[in-house]
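**Student:** prediction below, plus the sequence it came from.
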2 protein chains.
Amino acid sequence: MTTSTPLSDLSPDQLAERLTTLRADYADLQGKGLKLDLTRGKPGSDQLDLSEGLLRLPTTHLDRSGTDVRNYGGLEGLAEMREIFADLLGVDVDRVIAGGNSSLSMMYQVVTWLLSHGGPDSPRPWSKEETVTFVCPVPGYDRHFTMLADLGIEMVTVPMHDDGPDVPSVRALVADDPSVKGMWLVPTYANPTGAVTSAEVAAELMAMPTAAPDFRILWDNAYAVHHLTEVETKSADALALASASGHPNRPVVFASTSKITFAGAGVAAMACSPENKEWFLKRLSFAAIGPDKVNQLRHVEFFGDADGVRAHMRRHRDLIAPKFAAVQDALRSRLDGLGVATWSEPVGGYFVDLNVLDGTAARVVRLAKEAGIALTPAGSAFPHGNDPDDRNIRLAPTFPSLADVEAAMAGVAVCVELAAVEKLSAT
Amino acid sequence: MTTSTPLSDLSPDQLAERLTTLRADYADLQGKGLKLDLTRGKPGSDQLDLSEGLLRLPTTHLDRSGTDVRNYGGLEGLAEMREIFADLLGVDVDRVIAGGNSSLSMMYQVVTWLLSHGGPDSPRPWSKEETVTFVCPVPGYDRHFTMLADLGIEMVTVPMHDDGPDVPSVRALVADDPSVKGMWLVPTYANPTGAVTSAEVAAELMAMPTAAPDFRILWDNAYAVHHLTEVETKSADALALASASGHPNRPVVFASTSKITFAGAGVAAMACSPENKEWFLKRLSFAAIGPDKVNQLRHVEFFGDADGVRAHMRRHRDLIAPKFAAVQDALRSRLDGLGVATWSEPVGGYFVDLNVLDGTAARVVRLAKEAGIALTPAGSAFPHGNDPDDRNIRLAPTFPSLADVEAAMAGVAVCVELAAVEKLSAT
C-alpha cells in the first residue's frame, strides 16, 4: 500500500494511523519467516556457472612465448593476460602487472610498501611521517577503509557525487598538508553509489597540486566492465591524464576478474607508471615467487581476448540486471513520493545505495534483521563505520535469486517506511 | 683424469704440471660450447608432467561441506586441503591454514605483520624496536636472507650442522639480547646442505630461554616429503615441542606443494599455535579475500589424501635421484682425495652443497660461467651474499636433464680443481 503524500506532511493523527498500518505490515513480514541476505557483493552461482569452462582449462602448459607456466617465475604475469587487462583498462600493456587472485591484496601491498619503504618519489617511508592521511569519498568501499584503519592511516571524508568525488573538497585537503598522502577512488560504478567519475573530474584529480610529492590515487577500477545497460561507459584514462599533467606516479589502477569469472579464483591486475611498476616489482621480488600463471593461461584461453571478456560481461548483465530492476521496483512501489528515502539507479557495478530518513538507517537494518533480512551494517560505507547522518544503507542484490531479491526488497521498503514513521511520530 | 694425492702435498713442479693439464682440460671444456644451468632449485618439466592431471580438475565446484569454492571467502582454506597438510606435517588440522600459491608470501606476511603490528605476545610492533635481528643458520636459503635485508632486519649467522643449527651458538645469541627476535630454519633437507634437524636439536631450540618474549622460529619445512631415498625422514614436531616447553607461539611452520605439483601454481600452508593463527587470520582479513579455493579443491581431488601425496613424491624421487647420483659421481671421480672440496650427500631436498678450497668459490663460478655453465653466485647462501671463506657453492640439479647434469658437473669438477691449483700455485 502506497501513498504519494510526503510523510512529513502528515498530521499527528495521520502518522499514528500510518504507524498502525505499518506495524501490521511488519508483523506480516515477520510472519513470513524469511531468511534472506542482501549483504554480500558477490556473484550468484548462475553467474559463476558462466565460467565453468575454466575448470577444464588450460589445454596446454606453455604460454605464447613457450614458457612453462607451471614452473616458478614471471612476477609481471603472462604477456597475453596483461594484454587483455590493458585493452579492458585502456592502457598500454607495458604498464600492466597481472597478479594473483585478489586486487585487494595488490592494494594492500602498495599501501604497506609505501608505509615501509616509501614510493619512488617519497622523501621517506610513509611510516616515518607523524601521520598519514587518506582522502576517502563517502559513501565508499568498507574494505578500503578497514585496511587503512588497520594500518594506522587517518581518514578524512569528501562527498561522492554522480560524477565523482567533490573536487573542491579534495583540493582543499591536499593542497597544503603534506601528510595527506593518498586517496581511494572506485572510478566506475562506484561501490556503493554506482557513480562514474567523469573525465573532467578525473583530469582535475590528476592535475591538482598536492603538498605531498608522492600523493597517490588508488584507482580501484573493480567494475570497469560491469555494465548493467547497453551503454558501456568507458572509464577515464587515469594514467594518461596523470602523465599529461606531470604527475605520472599519482594513480595506481587496480582491476580483477573476480566478478568476471570466479570471485575467489580469478586474476587481479594493476597498472601504473613505469617508475611505480619498477618499484612494485622490486618489492614483490622479495615477497613472492610469481603469480599463478596456470590460472592466468586458463583465463587467456577461456576469453581469447578483451572482446571475449566484454561478451562474457553481457551474459552477466542478462542475469543480474533483472535483480537490480527488482530493487528499483520494490523501492519505488512503496517509497516513491514519501520523502523519506532516495536511492541510486546504477547502470553498472554491484550495489544500490539507499539513503533513508536521517537517523533511521541503523533502525532499518535492525528491523530488517528481525524480519529475517540481512543487510550490510548501517555506516559500513564510511570510515570506522561512522555514518554521521545514520542514513546510508548498501544493498547488494547479485547473490540471492531474483525471487529472494523481490521478497527481501519488499520487506526492506516496509522497514524503511516504518522506521521513518516511528521517527516522525516521536518528534 | 684423477689423482688421489692431496693437491696441497704436491711440489711446485707437480703443481705447475697439474696446472698445465687442467688448463688443457678447461680449454677442452670451453670448446664444447656448453649452455647449461645449475642455478635453479626448480622442478624439471618431467616432474611437472606428473601433475598434468590437475589441468582437468576439479570435477565439481563444491567442497565437502557444500561451499561453492568459486566464490569469495574462506580465509583459512578448505578443510580437506588443511587435513592433507596436517597429515604431511604431523600436526593437528586446527593449527593449519591453507593459502595461495606461495609459502614465501606467507612468510613475508608473518614477518611484515610482526614488524607493523607485533605478534600476540609482543610488547610492541617490531618496527618500534631500535633494531631487530634474526639468527640465520648458514649456509641457508638466499630468499630468506634477501627478504630480511629488504625489511631492514639485521642478520647474525650460526653454523648449520648435519643435525641442525649449532645450538650453543643460537643459545648465546638469544639468551640476553631482546632485539634478537627470530630465526630461520629449513628443518628437513635444508637448503642448501640437506641437513635434517634432529628431534633433539629441535627440542632445544623450542625450549631455550630467549630474552625476547615474542621470539619466532620460522620453520620453513619446504622439503618435508621430498625424500631422495627410501628412508623417508620424519620432521621433528616443532609445534608439539614448543607447546611442551611453554613456548607455543615460537614456531611458525610453512610448507607448500610448489615442488610437489606445479612450482608456480601449487598451494601453500602454514601451521602454528591457536594464538598465532588467530593473529594471522585477523591481519589477513584486511589484506585478502580468501585463497584460491578452486586450486585447493583441484589439489584435494588430485591427491585424495596425504598418502596420495607420498606416492606422488616417490615418482618425483624416481626422476631426480639419478640426477643427484650424477652430481656425486662427477665430484667423486675427479675430486676424491684431492683435499680441495667437500660436498653434501643429501637424502632429500633440492640441492647439493659444495665447499671448495677457501678463497676459490667465486673463481670457480666465474670459470664455470666462461665455460657455459651457470652456477648460483658464490656466497648466495649467506646473508648479504657474503661468504667469509669464499668457499660455498649451491648446486641445483633438478631442472636440467640428466645428460646436462652429467656434462655440467664434469665441467664444474674441472673448474673446482683448476681454481684450487691456481690458488695453491700462487701461494
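**Tutor:** Structure's in. What do you need?

**Student:** so who does A:V365 touch?
**Tutor:** A:375-378, A:393 (Cβ atoms under 8 Å, 6 or more residues apart in numbering or on different chains). To be clear about C-beta, it is placed using only N, CA and C from the backbone, and glycine gets the same treatment.

**Student:** again, but for A:N355
**Tutor:** A:341-343, A:391-393.

**Student:** so which of the contacts of A:V365 sit within strands?
**Tutor:** A:I393 (DSSP state E).

**Student:** widest-spaced pair of the contacts of A:V365?
**Tutor:** Greatest spatial distance among those (Cβ to Cβ): A:P377 and A:I393, at 9.1 Å.

**Student:** when the two are compared, which one has more neighbours?
**Tutor:** In terms of neighbours (other Cβ atoms under 10 Å in any protein chain shown), A:I393 is the more surrounded of A:P377 and A:I393; the figures are 32 against 18.

**Student:** pretty sure that one contacts A:L357?
**Tutor:** No. Counting by Cβ atoms under 8 Å, A:I393 stays clear of A:L357, with 11.4 Å between them.

**Student:** would you pull up the residue in the stretch 301-427 of chain A closest to chain B?
**Tutor:** A:F399 (8.4 Å; Cβ to the nearest Cβ).

**Student:** so where does that residue fall, helix or strand?
**Tutor:** In this assignment (DSSP states H and E), A:F399 forms part of neither any helix nor any strand.

**Student:** tell me the contacts of it?
**Tutor:** The contact partners of A:F399, by Cβ under 8 Å, 6+ apart, come to A:37, A:40-44.

**Student:** now narrow those to whatever sits close to chain B.
**Tutor:** A:40, A:42-43 (Cβ under 8 Å from any Cβ of the partner chain).

**Student:** turn those residues into a markdown table, columns for secondary structure and distance to B:S245.
**Tutor:** As requested, the ones next to chain B among the contacts of A:F399 are exported to a markdown table (DSSP: H, G, I helix; E, B strand; the rest coil; distance: Cβ to Cβ, whole Å):
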| residue | secondary structure | distance to B:S245 |
| --- | --- | --- |
| A:R40 | coil | 44 |
| A:K42 | coil | 44 |
| A:P43 | coil | 48 |
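
**Student:** and those, which is closest to chain B?
**Tutor:** A:K42 (5.1 Å).

**Student:** my read: the closest one touches A:P397, true?
**Tutor:** No. A:K42 lies out of contact with A:P397 (Cβ under 8 Å); the separation is 11.2 Å.

**Student:** burial of the nearest residue to A:F286 once chain neighbours are set aside, as a residue count?
**Tutor:** Leaving aside its sequence neighbours, A:F286 sits nearest to B:D150 (Cβ to Cβ, 6 or more residues apart in numbering or on different chains; 4.4 Å). B:D150 has 16 neighbouring residues, counting by other Cβ under 10 Å.

**Student:** so which of A:K42 and A:P397 has more stuff around it?
**Tutor:** Neighbour tally, A:K42 and A:P397, criterion other Cβ under 10 Å: the higher count belongs to A:P397, 26 against 21.

**Student:** picking that back up, with pLDDT as new columns, can the ones next to chain B among the contacts of A:F399 be given to me in CSV?
**Tutor:** Formatted as CSV, these follow (pLDDT from 0 to 100):
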residue, pLDDT
A:R40, 87
A:K42, 94
A:P43, 97
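
**Student:** coming back round to it: could you measure from the residue of the stretch 301-427 of chain A closest to chain B over to B:T398?
**Tutor:** 45 Å (Cβ to Cβ, to the nearest Å).

**Student:** so A:F302, which of the three states?
**Tutor:** Following DSSP: H, G, I helix; E, B strand; the rest coil, we place A:F302 in the helix state.

**Student:** residues touching it, list them.
**Tutor:** Counting by Cβ under 8 Å, 6+ apart, A:F302 has contacts A:51, A:53-54, A:57, A:261, A:308.
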